[in-house]
Structure formats: structure tokens, C-alpha cells
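**Q** please find the sequence and the predicted model below.
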Amino acid sequence: MILPPKRPPEPPLLGSKRLSSAMFSRRSPTRLQHDLRTDSKGLLFVRLLALLTPKGDPNGHKKLHDKNKPLGEALCYAGYPETRLLNFLALPHSMRGETLERMARWLAAKGHDGVNCTDIARLLFSDDVSHSRRLAETYYRAKDKAQSQTDSKEDEAA
């Protein structure tokens, strides 16, 4: 019996179809052989992903993309200052790129364990206010949760 020749391996998939659709110029399957956006926002997005990519052992348990960890929550748990978040939210959409890069550097320095990269893409590529609201909502929800845990620990200690 003659077997057909093996097909070459498929190019690696990105972590999320929604994430890659913002990065690719065509809305086709998320294979890396498609054209990447080469405008300034597309290049900035690639730079942000590079900054957030965990360093060190590739077999380590840290990851770049975690769809269950919104950007606001990751920023809160990393200790990102509330005033900086408010300044970001007050910026016009066209001027947010540099601040998004600072956020990514902050998360990378604090050693994050995954962040929802689609949130970053939405904030960068879309001027829809709902994405800014989601950032604020998830940040403050995480902050309230952390505060209530601190309060309950103080009550138990007393």
C-alpha cells in the first residue's frame, strides 16, 4: 500500500482568531503567511506583543495571551497606578499608542502571567468607546475584589 506523501507542517496559529484578525489585513484564517498590517498601528501592535512575550525558558508556564484575564485586571494586579489609567482614558484615540506601549512595558516588568491581547488590539485599532469602558470596568472590578479580600483578611485577624 502506497501512502500519500506527508504534507508540510502547518504554520503556527496565533492564540486567538480575534487577536490575529486585527493584525492581519485580510479576514482570513489566522495563519502567519498572510500579509501583516504594515501601517504604524500594525507595527506598534507587533512591538507590544514582543514586549509582553514572556522571557526565559520557553517551556515555562508563563504565557502571552490569556483570554480570561482582561487588560484592566492584569494592570490592576500588576499595581498599575489609577492616575495613569485615567490619563490614558482621557487621551484622544489617535494619541494612545505610546501610552499602550508604556502599559505593556509595565506588565512585562512586573512579570505578568498572560493578558487578553485582544483588549490591546481593540484599544489600538478601534475608536469604539466600549473598549475603553471595558478597560476601566475590569480594572475597577479587580481593584474592588482585591480591596474586599484585604478587608476580609483584616477582619479575620481582628
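**A** Cool, the structure landed. All figures in this text were calculated on a predicted structure; none of them were measured in a lab. Numbers count the residues shown, from 1 in each chain.

**Q** list the buried ones in the longest helix anywhere in the chain?
**A** Among the elements of type helix in the chain, defined by DSSP state H, the one spanning the most residues is helix 129-157. The neighbour-count check on helix 129-157 (16 or more other C-beta atoms under 10 Å) flags 131-132, 134-135, 138-139, 142-143 as buried. Using the backbone N, CA and C atoms, a C-beta is placed for each residue, glycine as well.

**Q** and stretch 86-94, by the same measure?
**A** By neighbour count on 16+ other C-beta under 10 Å, the buried set for stretch 86-94 is 88-89.

**Q** remind me which residues of the protein are low pLDDT?
**A** Scanning the chain with the threshold set as pLDDT under 70 gives 1-36, 153-158.

**Q** and the helices in it, which stretches?
**A** Taking DSSP H as the criterion, the chain carries its helices at 17-23, 40-52, 71-77, 82-90, 97-110, 117-125, 129-157.

**Q** okay if I get these as TSV plus distance to His65?
**A** Conversion of these to TSV gives the following (distance: least, C-beta to C-beta, whole Å):
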stretch	distance to His65
helix 17-23	7
helix 40-52	9
helix 71-77	11
helix 82-90	21
helix 97-110	12
helix 117-125	5
helix 129-157	16
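
**Q** geometric centre of this structure: which residue is closest?
**A** Centroid-nearest residue in the chain, with C-alpha atoms, centre = their mean: Cys117, separated by 2.6 Å.
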